[in-house]
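*Asks:* sharing a model that was predicted from the sequence below.
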Amino acid sequence: MSVPTPPNDAIAQLVEILGIDDTRDLVRTFLKEYDGLIRSMTVEDRQLQHRAVHSLKSSCRHMGLILLMRKLEALEARVLLPTGKVTMEDIAALNSEFERQVPPLRHFANGR
C-alpha cells in the first residue's frame, strides 16, 4: 500500500513531528469528533457553545482547514458578545464549508 501524501502544509508538518501513522490517527479522530463539537454548538448554554467553537477552531487550524477556521474565528467573536449565540444558519454554513474542505483529509486518513 502506498503512503498517502499530506493534503496540506499543516498535515505535512504533523507528519514530520508525529510520523505518518500517528498523523493519520489524529486526522481520523478529528473527523470523528467534528459532529460532536457541532452538536455542542446547538445547546442553549453560551459557555458550552463558546468552548465548542473555540475547540473546533483550533482543531481546524491543526488540520489545515483555514477557511473553516476563519469562519469559526468570526463566530467565536460573535459568541463572546453579550447577546451572541450560534444559530442554525451558522451550523449549516459550517457543515457546508466542512464538506467542501474535508475530502482531501478523508482521503489521507483512509490511505487512498
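*Replies:* In hand now; what should we look at?
*Asks:* give the buried residues for stretch 69-86.
*Replies:* 69, 71, 72, 75, 76, 79, 85, 86 (16 or more other CB atoms under 10 Å). Every C-beta, even on glycine, is put in place using the N, C-alpha and C of the backbone.
*Asks:* equivalent analysis for stretch 33-47, please.
*Replies:* By 16+ other CB under 10 Å, the buried positions in stretch 33-47 come out as 34, 37, 38, 40, 41, 46.
*Asks:* export that stretch to PDB, keeping only CA atoms.
*Replies:* The C-alpha trace of stretch 33-47 is given here as PDB (Å, rounded to 0.1, in the frame of the first residue of the first chain):
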ATOM      1  CA  GLU A  33     -15.200  14.300  16.800                       C
ATOM      2  CA  TYR A  34     -16.400  17.000  14.300                       C
ATOM      3  CA  ASP A  35     -20.100  16.100  14.700                       C
ATOM      4  CA  GLY A  36     -20.000  16.100  18.400                       C
ATOM      5  CA  LEU A  37     -18.500  19.500  18.500                       C
ATOM      6  CA  ILE A  38     -21.100  20.800  16.100                       C
ATOM      7  CA  ARG A  39     -23.800  19.300  18.300                       C
ATOM      8  CA  SER A  40     -22.300  21.100  21.300                       C
ATOM      9  CA  MET A  41     -22.800  24.400  19.500                       C
ATOM     10  CA  THR A  42     -26.600  23.800  19.400                       C
ATOM     11  CA  VAL A  43     -27.100  23.900  23.100                       C
ATOM     12  CA  GLU A  44     -28.500  27.000  24.800                       C
ATOM     13  CA  ASP A  45     -25.600  27.400  27.200                       C
ATOM     14  CA  ARG A  46     -23.400  30.100  25.600                       C
ATOM     15  CA  GLN A  47     -20.300  28.900  27.500                       C
END
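*Asks:* what lies in contact with it?
*Replies:* Applying CB atoms under 8 Å, 6 or more residues apart in numbering, the external contacts of stretch 33-47 come out as 48-49, 51-53, 55-56, 59, 79, 84-86, 88, 90-91, 94-95, 98.
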